[in-house]
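Novice: have a look; sequence and predicted model below, questions after that.
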Amino acid sequence: MYNNKKKLLGLVSLWLPIAAVGAQMDYQFNSPSFNGSGYGTYVLTIKQLEDQAKATNKAAADALAQQAQAAASNTPQAQFVANLQSRIYSQLALQITNTLYGATGQPSCGNNCGGTMDVGGNTMTWSLNNATGKINIHITNDSNPSQYTDINVPVGTFAF
């Protein structure tokens with residue numbers, strides 16, 4: 001009887017694996033990049049995530065650069081140079097104004113006065129135009145001559 005049980009158990013063990021694999025197994029990819037379903041949305045989402053990451057990285061790099069620039073311009077030496085330049089430009093403007101306008105508000109340099117000066121990478125030219133009755137000031141950027149400023153001031157308007 002023990003032998004019959006063994007044979008029966010052997011037959012049952014052969015039959016059970018057949019019953020277990022009787023159903024067909026279908027596998028589907030979850031990623032739209034493999035199954036094609038919703039692929040356009042998938043690609044668009046990936047592109048948006050990449051763009052957001054690039055924008056975030058660029059903003060962080062710009063912020064660091066601005067912090068470094070602010071730190072460099074906030075040193076005592078940089079503050080001294082900025083203050084000195086401001087005072088020099090103020091005195092320069094005062095001297096040009098005093099030359100062009102005397103105590104009476106008329107040019108103290110006569111009818112044909114003017115000059116040229118190089119200041120901080122800029123060329124400044126001023127002259128009295130008797131025909132128009134104006135003082136012309138022309139400031140040109142030496143590194144890019146297409147960048148300039150023209151100032152025309154009527155003569156006699158600054159008398160007090």
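Specialist: Thanks, I have it.
Novice: all strands of this structure, in order?
Specialist: Taking DSSP state E as the test, the strands found in the chain are 114-119, 122-129, 134-141, 148-154.
Novice: so which of those strands gets nearest residue 46?
Specialist: For residue 46, the closest of the strands of the chain is strand 134-141, at 46.0 Å, according to C-beta to C-beta. (Each C-beta comes from the backbone N, C-alpha and C, glycine too.)
Novice: can you list the strands that that closest one pairs with?
Specialist: Strand pairing for strand 134-141, determined by DSSP bridges: strand 122-129 (antiparallel), strand 148-154 (antiparallel).
Novice: which one, of those strands, ends up nearest to residue 141?
Specialist: The closest of the strands paired with strand 134-141 to residue 141 is strand 122-129. By C-beta to C-beta, the value is 5.8 Å.
Novice: the closest one - what's its average pLDDT?
Specialist: Mean pLDDT, computed over strand 122-129, is 82.
Novice: relative orientation of it and strand 114-119 in degrees?
Specialist: Strand 122-129 runs at 170 degrees relative to strand 114-119, counting by axes from the mean of the first three to the mean of the last three C-alpha atoms, to 10 degrees.
Novice: buried residues in strand 122-129?
Specialist: Buried residues in strand 122-129, defined by neighbour count with 16 or more other C-beta atoms under 10 Å: 124, 126, 127, 128.
Novice: could I get these as a markdown table with distance to residue 145?
Specialist: Below are the buried residues of strand 122-129 laid out as a markdown table (distance: C-beta to C-beta, whole Å):
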| residue | distance to residue 145 |
| --- | --- |
| 124 | 13 |
| 126 | 18 |
| 127 | 18 |
| 128 | 24 |
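Novice: return the member of those nearest to residue 139.
Specialist: Closest approach between the buried residues of strand 122-129 and residue 139, by C-beta to C-beta: residue 124, at 4.9 Å.
Novice: list just the nearest of the buried residues of strand 122-129 to residue 75.
Specialist: Checking the buried residues of strand 122-129 against residue 75 by C-beta to C-beta gives residue 124 as the nearest, at 29.0 Å.
Novice: show me the contacts for the closest one.
Specialist: Each residue near residue 124 by C-beta atoms under 8 Å, 6 or more residues apart in numbering is listed here: 116, 117, 118, 137, 138, 139, 140.
Novice: quickly list what it is bridged to.
Specialist: Per DSSP bridges, the residues bridged to residue 124 are residue 117, residue 139.
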